[in-house]
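S.K.: sharing a model that was predicted from the sequence below.
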Amino acid sequence: MTRDTQFPCDPAGVCMRCKSTPPPEESLTCGTCVTPWHVSCLSSPPKTLESTLQWLCPDCSGETDALPVSGVAAGYGSVGSDLVVAIHEIEADDSLSAEEKAKKRQQLLSGKAVVHEDDEEEKKRKSKGKKTVDEDVLSHFHCSFCMQLLQKPVSTPCGHNACLKCFLKWMGQGNRSCGTCRSVVPESMISNPHINLSIVSAIRLARLSKRVDASTSKVVHVISNEDRPDKAFRTDRAKKLGNANASSGKIFVTIPRDHFGPITAEYDPVRNQGVLVGESWKGRLTARQWGVHFPLVSGIAGQTSYGAQSVVLAGGYEDDEDHGEWFLYTGSGGRDLSTRNLRTNVQGFDQVFLKFNAALRLSCQLGYPVRVVRSSKDIHSAYAPEGELLRYDGVYRIEKCWIKVGVQGSYKVCRFLFIRCDNEPAPWTSDEHGDRPRPLPNVPELNMATNLFERKESPSWDFDEGEGRWRWMKPPPASRKAVNNVKDPEERKFLRKAMTSARSNTMRARLLKEFKCQICQQVMTNPVTTPCAHNFCKACLVSKFAGKTLMRERSRGGRTLRAQKNVMKCPCCPTDIAEFIQNPQVNREVAEVIEKLKKQEEEDNAEPVDEGECSGTSHEEETLPVSGDAEQPKKRIKLDIDAAVSATVVESDMK
DNA sequence: GCGAGCGTTAGT
DNA sequence: ACTAACGCTCGC
């Protein structure tokens, strides 16, 4: 999920979005708040000279009020976002007045009308009297006039903050002093007030964090994911013991576990391309990391009353019959697991349409696309990948399912007829295009089948003749997977604590960075804001001009001339701040926020994390793989003549 | 190469 | 809480 957040340039002229310093020709100053912005980082930069001259920044034009809509479901046109659906629902509700609708819309967009769980969390937090970092920041930055959260904040030399509008209004009434303390405000600030960008950034960051909290806290596995290493790993101790799966790694895609259909680019923040047909992975752990098939052992991913999302063909069941574009799959269960060794196990009893088998049957009934992964372990299949790999082969639909007696003789197995229905060609073909609807194959064993089930309703995923591609003809099922997948309550508690702590730590660090003194580059102590809206430690600024007096005595040839004013340039810009230097006042609101953030940091650092609580997870391994070392899937390279010539880099699975 | 012996995850 | 699940590694 991407969030289109726009940021202006900071007081040093560095774009807060791309962190570069734009040259003057790429910098645009807002006509209203005189804030500089980096043109190439604007989502909708002005197109004509005229509009450039009258340009209003996203803050002043209200552009940022609109939350970007994301998370459009795969293949289902432009509809499908929960947010869009919710807004449509509000609009369609005749029982609401226009005003009520507007209010509901606003609540929705500001994240207030989100999940009940979060409300409960919120209540708990409030009852405990604990505020989050962002709440704390927001609560500090009130305008001294309107008492609302600062909008385009300006800071007076006496250290008080106000909205630009309120400030201008006050001055427009003929006042020449601070609305809070009645100190005189210099004429230069009245005629040319500057926005205090440090405060702007702090408020933006705090707001952003609130939004992120509200929108992601429901999908906990994505958050807890961040504590995981990029690679799945095993500890040395675990290896010695033969403990295969000490920990699975981070999930790189943003789909929930119960996501149906292809994994498209919008779910792939890492590469922004989605999972392509033909991509392969070393093992189940890495295949899981790219979201193609979540279970580590089970061949079927699914839920009884919801449907099955994916299957693996690994040759574990002798009855499987693979014809590439279609195959016969055997259900799960019915095995004698007494020795707990799955691969050597034999059928011990009949399979029934329960659990995963029921999930597959439901996907058959509703015509859902089921992701198919082939494993090189399937030595009987001509279509299995070579090398020790798992390969994503695209989506298939289950057309029929039934029960037959398995090849092992005395026990019944569930059978599923899978037919390919993907928009990308299968890895074993040289076709340019994906599948076209194909007739049902002849399946002799159907003559012996019992409990035959066929789809009667129209399939959810079907071929659109007009568009010439497969797509969701009915909306894909909304994800039901919301809550933490960590079941152990202790582990859950620990993760939750670690998560919130980590998140607020980052937020705190980022906020503190926004309050850096432009002279010592440290977080400011006794912050002062110049009339040109640059922030420094009081001590840094004063010492910078130590020894310099406001007036300069001049003498020539023994004669004393009229004293001349000393020019003292702001360390960040050419503004003369000599007057301000005479009596710089600490911006108390900024100071308080900094102090609180620092205090929280100290408290957190003093509180040791009990590692014992999370034994067996990431802390055992000494040599944890680091970020950037993420194992990316291999894309199978299609061999054409040109490629073959330069194919010294052909992937290992092509030998 | 086989299989013991373990591991994690998630459905129910 | 229980347990099934087309896995994984190491030692024999």
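M.R.: Thanks, I have the structure now.
S.K.: where along the stretch 151-300 of chain A do the helices fall?
M.R.: A:164-172, A:187-191, A:197-216, A:220-224, A:236-241, A:284-289 (DSSP state H, counting those that start in this stretch).
S.K.: now whichever strand in chain A runs longest: average pLDDT?
M.R.: As assigned by DSSP state E, the longest strand anywhere in chain A is strand A:390-405. The pLDDT scores in strand A:390-405 average 97.
S.K.: orientation of the following helix or strand past that strand relative to strand A:390-405 in degrees?
M.R.: Of the helices and strands lying after strand A:390-405 in sequence (DSSP states H and E), the nearest is strand A:412-420. On the basis of axes from the mean of the first three to the mean of the last three Cα atoms, to 10 degrees, strand A:412-420 is oriented at 140 degrees to strand A:390-405.
S.K.: in its sheet, what does strand A:412-420 sit against?
M.R.: Strand A:412-420 has its sheet partners listed here by DSSP bridges as strand A:326-330 (antiparallel), strand A:390-405 (antiparallel).
S.K.: if you count neighbours, what's buried in the longest one?
M.R.: In other words, strand A:390-405. By 16 or more other Cβ atoms under 10 Å, the buried positions in strand A:390-405 come out as A:390-404. Yep, even glycine has a C-beta here, placed from its N, CA and C like the rest.
S.K.: which of the residues you listed lies closest to A:Ile519?
M.R.: Of all the buried residues of strand A:390-405, A:Ile519 sits closest to A:Tyr392, with 54.7 Å by Cβ to Cβ.
S.K.: first-to-last residue distance for stretch A:329-349?
M.R.: Using Cα to Cα, to the nearest Å, one end of stretch A:329-349 lies 18 Å from the other.
S.K.: quick check: mean pLDDT across it?
M.R.: For stretch A:329-349, the per-residue pLDDT averages 77.
S.K.: quick check: which of the strands paired with strand A:412-420 is nearest to DNA strand B?
M.R.: Nearest to DNA strand B, of all those, is strand A:390-405, at 15.3 Å by Cβ to the nearest atom of the strand.
S.K.: is any residue of that closest one near DNA strand C?
M.R.: No: figure legend: strand A:390-405 not in contact with DNA strand C (Cβ under 7 Å from any atom of the strand); closest approach 7.7 Å.
S.K.: what count of nearby residues applies to A:Arg469?
M.R.: 15 (other Cβ atoms under 10 Å).
S.K.: what's the nearest residue to it if we skip its chain neighbours?
M.R.: Ranked by Cβ to Cβ, 6 or more residues apart in numbering and with sequence neighbours excluded, the top spatial neighbour of A:Arg469 is A:Asn423, at 4.9 Å.
S.K.: check contacts around that neighbour.
M.R.: Residues near A:Asn423 by Cβ atoms under 8 Å, 6 or more residues apart in numbering: A:262, A:433-435, A:469-470.
S.K.: also A:Cys414?
M.R.: Listed by Cβ under 8 Å, 6+ apart, the contact partners of A:Cys414 are A:330-331, A:351-353, A:357, A:360-361, A:401-403.
S.K.: how about low-confidence regions in the stretch 451-600 of chain A?
M.R.: Per-residue confidence for the stretch 451-600 of chain A (pLDDT under 70) gives these ranges: A:481-507, A:553-555, A:557-558.
S.K.: rewinding a little: ok, of the helices of the stretch 151-300 of chain A, where does mean pLDDT dip lowest?
M.R.: The stretch with the lowest mean pLDDT among the helices of the stretch 151-300 of chain A is helix A:220-224, at a mean of 28.
S.K.: for A:Lys152, see how far away the nearest residue to A:His380 once chain neighbours are set aside is.
M.R.: Among residues not flanking A:His380 along the chain, A:Gly315 sits closest, at 5.7 Å (Cβ to Cβ, 6+ apart). Separation of A:Gly315 from A:Lys152 (Cβ to Cβ, to the nearest Å): 65 Å.
S.K.: ok so A:Pro539 is a helix residue?
M.R.: Quick fix: residue A:539 reads Ala, not Pro. Yes: A:Ala539 forms part of a helix when assessed by DSSP: H, G, I helix; E, B strand; the rest coil.
S.K.: quick one on the thing from earlier: A:Gly13: which of the strands paired with strand A:412-420 is closest?
M.R.: strand A:390-405 (46.6 Å).
S.K.: and the closest residue to A:Cys537 other than its chain neighbours, what does it touch?
M.R.: Spatial nearest neighbour of A:Cys537, excluding adjacent residues (Cβ to Cβ, 6+ apart): A:Cys517 at 4.4 Å. Contact analysis of A:Cys517 by Cβ under 8 Å, 6+ apart lists A:523-524, A:527, A:535-537, A:540.
S.K.: so which of those are in strands?
M.R.: A:527, A:535-537.
S.K.: tabulate the residues you listed (TSV), appending neighbour count.
M.R.: Listed next are the ones in strands among the contacts of A:Cys517 as TSV, based on neighbours: other Cβ atoms under 10 Å:
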residue	neighbour count
A:Pro527	26
A:Asn535	25
A:Phe536	26
A:Cys537	21
